[in-house]
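J.: This is the structure alone, sequence omitted:
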RNA sequence: GGGAGUGUAGCGAAGUCUGGCUAAACGCGACGGACUGUAACUCCGUUCCUUCGGGUUCGUAGGUUCGAAUCCUACCGCUCCCA
């Protein structure tokens, strides 16, 4: 492992604003210099795909990997079946079937992000699933003080509103995970969001209890990511941005980043790209000198989309963006539509003349006729490039694109593609 | 086990004592429009469904009443206190 690069890992994180707390900064750097060590990030399969919130710790893990470390990812089949306590309310347990589906989806995505080299993906069900209750109580339970567990922020915040024994125990399971990886994969560092601090330190303490207080085990947390308006990062129109292209198209993903505000864009460039500091500084200058060009946003969108979906997806998203925002969509050919519009939400529609309002509702563009009428009357609906303002007007799918498609726009930039059947 | 609270639209929160003027204040969010840089800010409109006649809502089920989110009964969920 290169000594110079090691020295930069923490410094780089600080510069990028990606460091909240470290248990022992000097100790960690020393461990990294003395040979290859592993770091891990745990993810519970709470959904069938990762979303942008998950990307936050993974970016740091990726930097660790780039710095020469080994990346270890736990897809938490066991912990996922228990549920990491939220500060407010008890979680709903997931069914075993759902957990399996989720594990599979997440494992696929993680593999894509981290590649095969210096990456290990494990499921904690492999060890936690085998642990019997008596072993658990004898081997681990004795090492945890209820008094300490109660003081963890998440637990403390739940004492008023209530917390089940199941969720209360979660921190022990996560601690066992850390120890297990410490033992079998030489994982000495656990990375997580700032809300994971309590769980991470539980793990560090457990390793120290079992392996001696001089055992190398460190924790690192990342600040809570919020946008300039103080809102939690990673939502668009109230929906999560997923990494699964089936759930959030690469085009929508690209647009999410392209639309970041001037206030946030540099922060995200530092955080979500692997661009060098001087390059980011240059982009930061362009935000000041020529904000309208949105050079920084464009670069951010390209970099992150490439990291998650690949170069081809970037090109597709850019081609589509160009067609939608810079061209006259009515002039496009059916072939161009078929080619470029794979990324917008689509729906099937019959080859028959239909009232606009009914058409919009049937296609899922609008959720109710009331809403559809309102939007039509406000001039918010454009069909094949023509603005519709008359609620009694009809849509004839045969007029454009060889009768194969109907292109609907709602508002300024939301497009829907009707595929004529 | 005993006692006290609480459950209102996506969320938060009024309204409940003093039943009708309440499809239900207000805030947030969301959606649309103007402005613009496919921005931010600001401003404006909308935000249960509808064949625009009306229909169905205030944890659930009943009841009282000409009329109930508002009163009564039972049940369910959540919280707190006592044991």
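T.: That came in fine, so what should we check first? Keep in mind that what you see is a predicted model, and the values were worked out from it rather than measured.

J.: From here on, just use CA atoms for contacts and neighbour counts.
T.: Will do.

J.: List the buried residues in the helix or strand where residue A:374 lies.
T.: Assigned by DSSP states H and E, residue A:374 belongs to helix A:369-377. Neighbour-count burial for helix A:369-377, with 16 or more other C-alpha atoms under 10 Å as criterion, is recorded at A:369, A:372-376.

J.: Find me the pLDDT at the residue in the stretch 301-421 of chain A positioned nearest to RNA strand B, would you?
T.: Relative to RNA strand B, the nearest point of the stretch 301-421 of chain A is residue A:411 (3.3 Å; C-alpha to the nearest atom of the strand). With respect to pLDDT, residue A:411 scores 90.

J.: show me the contacts for it.
T.: By C-alpha atoms under 8 Å, 6 or more residues apart in numbering, residue A:411 lies in contact with A:380-381.

J.: Which residue, other than its chain neighbours, is closest to residue A:368?
T.: residue A:361 (6.1 Å; C-alpha to C-alpha, 6 or more residues apart in numbering).

J.: my guess is that neighbour meets residue A:370, correct?
T.: No - Residue A:361 lies out of contact with residue A:370 (C-alpha atoms under 8 Å); the separation is 9.7 Å.

J.: re earlier: same for RNA strand B: which of the buried residues of helix A:369-377 are within range?
T.: A:369, A:374-375 (C-alpha under 7 Å from any atom of the strand).

J.: buried set for stretch A:278-287?
T.: A:280, A:283-284, A:286-287.

J.: again with stretch A:203-222
T.: Judged by neighbour count using 16+ other C-alpha under 10 Å, the buried positions of stretch A:203-222 are A:203-208, A:216-222.

J.: pLDDT of stretch A:12-19, averaged?
T.: Here the average pLDDT along stretch A:12-19 is 89.

J.: Give me the contact list for it.
T.: Residues outside stretch A:12-19 that contact it (C-alpha under 8 Å, 6+ apart) are A:10, A:60, A:220-223, A:267, A:270-271.

J.: Could you rerun that using 6 Å?
T.: For stretch A:12-19, contacts defined as C-alpha atoms under 6 Å, 6 or more residues apart in numbering pick out A:222, A:270-271.

J.: again, but for stretch A:217-229
T.: Residues contacting stretch A:217-229 (C-alpha under 6 Å, 6+ apart): A:18-23, A:188-194, A:200, A:204, A:232-233.

J.: so how many other residues sit close to the residue nearest to residue A:254 when sequence neighbours are not counted?
T.: Nearest residue to residue A:254 in three dimensions, chain neighbours excluded: residue A:301, at 5.1 Å (C-alpha to C-alpha, 6+ apart). By other C-alpha atoms under 10 Å, the residues close to residue A:301 number 28.

J.: unless I'm mixing things up, residue A:301 is touching residue A:256, no?
T.: No - Residue A:301 is beyond contact range of residue A:256, at 7.7 Å (criterion: C-alpha atoms under 6 Å).

J.: Run through the strands of the stretch 151-300 of chain A in chain order.
T.: Using DSSP state E, counting those that start in this stretch, the strands of the stretch 151-300 of chain A run over A:187-193, A:218-222, A:235-236, A:239-240.

J.: RNA strand B contacts on the stretch 301-421 of chain A?
T.: A:321-322, A:325, A:367-371, A:374-375, A:378-380, A:410-414.

J.: Equivalent analysis for chain A, please.
T.: A:159-163, A:229, A:236-238, A:255, A:258-262, A:291-294, A:321-322, A:325, A:367-371, A:374-375, A:378-380, A:410-414.

J.: Now a PyMOL select for only the buried ones of those.
T.: This is the PyMOL syntax for the buried subset of these, where burial follows 16+ other C-alpha under 10 Å:
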select buried, chain A and resi 163+255+258+260+262+294+321+369+374+375+380+410
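
J.: What about the residues of chain A next to RNA strand B, which are in helices?
T.: For these, membership in helices holds for A:159-161, A:255, A:258, A:262, A:321-322, A:325, A:369-371, A:374-375, with DSSP state H as the criterion.

J.: Make JSON lines out of the residues you listed and add pLDDT and distance to residue A:145.
T.: Below are these laid out as JSON lines (pLDDT from 0 to 100; distance: C-alpha to C-alpha, whole Å):
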{"residue": "A:159", "pLDDT": "71", "distance to residue A:145": "17"}
{"residue": "A:160", "pLDDT": "61", "distance to residue A:145": "20"}
{"residue": "A:161", "pLDDT": "62", "distance to residue A:145": "22"}
{"residue": "A:255", "pLDDT": "89", "distance to residue A:145": "48"}
{"residue": "A:258", "pLDDT": "91", "distance to residue A:145": "48"}
{"residue": "A:262", "pLDDT": "87", "distance to residue A:145": "47"}
{"residue": "A:321", "pLDDT": "87", "distance to residue A:145": "56"}
{"residue": "A:322", "pLDDT": "86", "distance to residue A:145": "59"}
{"residue": "A:325", "pLDDT": "84", "distance to residue A:145": "60"}
{"residue": "A:369", "pLDDT": "91", "distance to residue A:145": "59"}
{"residue": "A:370", "pLDDT": "90", "distance to residue A:145": "58"}
{"residue": "A:371", "pLDDT": "91", "distance to residue A:145": "56"}
{"residue": "A:374", "pLDDT": "90", "distance to residue A:145": "60"}
{"residue": "A:375", "pLDDT": "92", "distance to residue A:145": "59"}
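
J.: Point out where the stretch 1-150 of chain A drops to low pLDDT.
T.: Across the stretch 1-150 of chain A, the ranges flagged by pLDDT under 70 are A:1-7, A:87-90, A:92.

J.: The residue nearest to residue A:96 when sequence neighbours are not counted: neighbouring residues, count only.
T.: Leaving aside its sequence neighbours, residue A:96 sits nearest to residue A:81 (C-alpha to C-alpha, 6+ apart; 7.6 Å). A count of nearby residues for residue A:81, using other C-alpha under 10 Å, gives 20.

J.: likewise residue A:169?
T.: Look at residue A:169: counted by other C-alpha under 10 Å, it has 17 neighbours.

J.: Equivalent analysis for residue A:21, please.
T.: Based on other C-alpha under 10 Å, the number of other residues close to residue A:21 is 15.

J.: For the closest residue to residue A:43 other than its chain neighbours, list each beta-bridge partner.
T.: Excluding its sequence neighbours, the residue lying closest to residue A:43 (C-alpha to C-alpha, 6+ apart) is residue A:75, at 5.2 Å. With beta bridges defined as DSSP bridges, residue A:75 has these partners: residue A:43, residue A:123.
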